[in-house]
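Asks: Generate a structure from the sequence data that follows.
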Amino acid sequence: MRFCATTKLGLESTVAIQLKQLGIEPVETLDARVLFDGDFDTMARSLLWLRTAERLLLVVGSFEARSFDELFEQTKALDWKPFLSPKTRIHVNGKSAKSTLFSVSDCQSIVKKAIVESLKASYRVDTIPETGEEVIVEVGILKDAVTLALDCCGAGLSRRGYRTFNVPAPLSETLGAGMVMLSRFFPDTPLIDPMCGSGTIPIEAAMIANNIAPSRNRLFSSEAWKFVPSAAFARAREEAHDAERHDKLCIVGRDIDPHCIDLCKKHAKKAGVMLDWKVADVRDLVPERERGVILCNPPYGERLLDEREVKRLYRQMRGVFDRFPGWEKSIITAMRDFETVYGKKADKRRKLSNGGMTCTVYRYFAERPQKRD
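Replies: Presented below is the predicted three-dimensional model:
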C-alpha cells in the first residue's frame, strides 16, 4: 500500500529521517508530504512513532482531472470495495490549490457521490445506508493532480494526549518536536527552554531522548476499520513499550508565569517524563554547563505582546544568550526583522508554519572552544 505522511512546510526532512529510523524507505519527498510504501504493520508503527507528521493517509488512487465529470468518473473507477462496506459512513474532506477545480465543496460532494455509485456497483445494491463506522476520505488537488486517500488518524498526530491545558499561543507538539530535531540535541545534551509556556519543547525533547513513541497512549480512526488486523496495532504498541527508556535527563523548563509551570508539571506527568521545571525570568538565566542547547518560542507582537515590548524582550534575550557561547540556540518567531532587533545574524534559518502564521527558526551555532597550547 502507498501511504502519505503530511507535515508542515519545512519539516519534510525530519519525517523522512524518522521513517528511515523505523526501517521504512521514503519513496518521494514533496512539499508538506512524504510518500512511502508498506503494510498494516508499517501503518501502525508510523502512526505511533512519527513525531513531526500532521497526518497519515492511506492512498486509494491518484489521477489528473480538469473537470467535474473527470473527477466523478475517475473516482468512481477506483476500487473502493477493499476499504469501504455498504454500511460505512463516508465523510469527505478536501483542499484544492492552483487547480481549475477550485470549489472544494463541489469537489467533496462529487467525490462522495462517485464513491457511493462505485460501492453500489461493487456490492450490487441499490442503496448505501451508511449506518456503520465512519471513514474519512481526503481529497487533495494540486495543479489538477487529484489524490484520494483515507485518513488513518482521526484527530491529528499533534494530539499526543498529554497537553490537556493550554496557554495563549501554544506551540504545537509536532512543531516542538521539529525544533528539537532540527537543533543539535542528543539524549545526553543539556537543553533549556527559558520561556516554556505549556512545556511542549522540553517534553518533546524528553520523549525523543528516552525513545518514547509520541502517540503510544492514543487511539486512531484506522483501528476501527474492518479491513485492518487489530494485531498490527497490538504489535506496534508492544514494540513501543519495550523500546522506552526512563533515563535521567538534563532538560530544563523555565517560565516567568507560575501558572505555566504548574501546567508543565501536569503535562510532563501525563507524558511519562520527569523534568526540571521552575518559575524564573529569562534575564536570570545563567549557564551551569559549557555545552548545551537553548530552544524557545518567545512571545511576538501578533499574538501576545505589543511590538515595543517584544523588541525589548528580544534585545534582553541577546544579552542573556551571549552568556552561553558554547550552546546551540534556536528561536522561532514571526517577526520579520528579528535579526535586526536581536542584533545578530543567524547562522541558519528555516521557514515554518505555527498556527497558520509563517514563522522562521533562527539558529545560532555554538562557538568552538579555543585551542590551547
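
Asks: which residues touch stretch 211-220?
Replies: Under the criterion CB atoms under 8 Å, 6 or more residues apart in numbering, residues 47-51, 152-155, 157, 159-162, 173, 177, 204, 206-207, 233, 237, 240-241, 243-245, 271-273 lie in contact with stretch 211-220. Any C-beta I mention is one placed from the backbone N, CA and C, and that applies to glycine too.

Asks: Using PyMOL, define a selection of the buried residues within these.
Replies: Command for PyMOL, covering only those of these found buried under the criterion 16 or more other CB atoms under 10 Å:
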select buried, resi 47+48+49+50+51+152+153+154+157+160+162+173+177+204+206+207+233+237+240+271+272+273
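
Asks: Please, where are all the helices along this protein?
Replies: For the chain, the helices defined by DSSP state H occupy 12-21, 40-49, 68-77, 104-123, 173-182, 200-209, 230-243, 258-271, 307-321, 338-342.

Asks: Out of those, the one nearest Arg283 is which?
Replies: Closest to Arg283 of those is helix 307-321 (CB to CB; 5.8 Å).

Asks: Hmm, Phe36 is touching Leu22, no?
Replies: No: look at Phe36 against Leu22 with CB atoms under 8 Å: they stay out of range, at 9.5 Å.

Asks: Those two: who's more crowded?
Replies: Between Phe36 and Leu22, Phe36 has the larger neighbour count (other CB atoms under 10 Å), namely 23 against 16.

Asks: Against Glu239, how distant is that one?
Replies: According to CB to CB, to the nearest Å, Phe36 stands 18 Å off from Glu239.

Asks: Then Ser96?
Replies: Ser96 is 38 Å from Glu239, by CB to CB.

Asks: what about the spatially closest residue to Tyr362 that is not a sequence neighbour, neighbour count?
Replies: For Tyr362, ignoring the flanking residues on the chain, the nearest one in space by CB to CB, 6 or more residues apart in numbering is Ala346 at 3.9 Å. Residue neighbour count, defined by other CB under 10 Å, stands at 18 for Ala346.

Asks: and Ala346, what pLDDT?
Replies: On the pLDDT scale, Ala346 is placed at 98.

Asks: if I read this right, it contacts Thr340, doesn't it?
Replies: No: shown here, Ala346 and Thr340 do not form a contact pair, counting by CB under 8 Å, at 11.5 Å.

Asks: Show the contacting residues for Glu134.
Replies: Residues near Glu134 by CB under 8 Å, 6+ apart: Thr88, Arg89, Ile90, His91, Ser221.

Asks: Can you lay out those as a markdown table showing neighbour count, pLDDT and distance to Tyr300?
Replies: Below are the contacts of Glu134 laid out as a markdown table (neighbours: other CB atoms under 10 Å; pLDDT from 0 to 100; distance: CB to CB, whole Å):
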| residue | neighbour count | pLDDT | distance to Tyr300 |
| --- | --- | --- | --- |
| Thr88 | 22 | 92 | 44 |
| Arg89 | 14 | 93 | 42 |
| Ile90 | 17 | 95 | 41 |
| His91 | 14 | 96 | 36 |
| Ser221 | 17 | 95 | 35 |
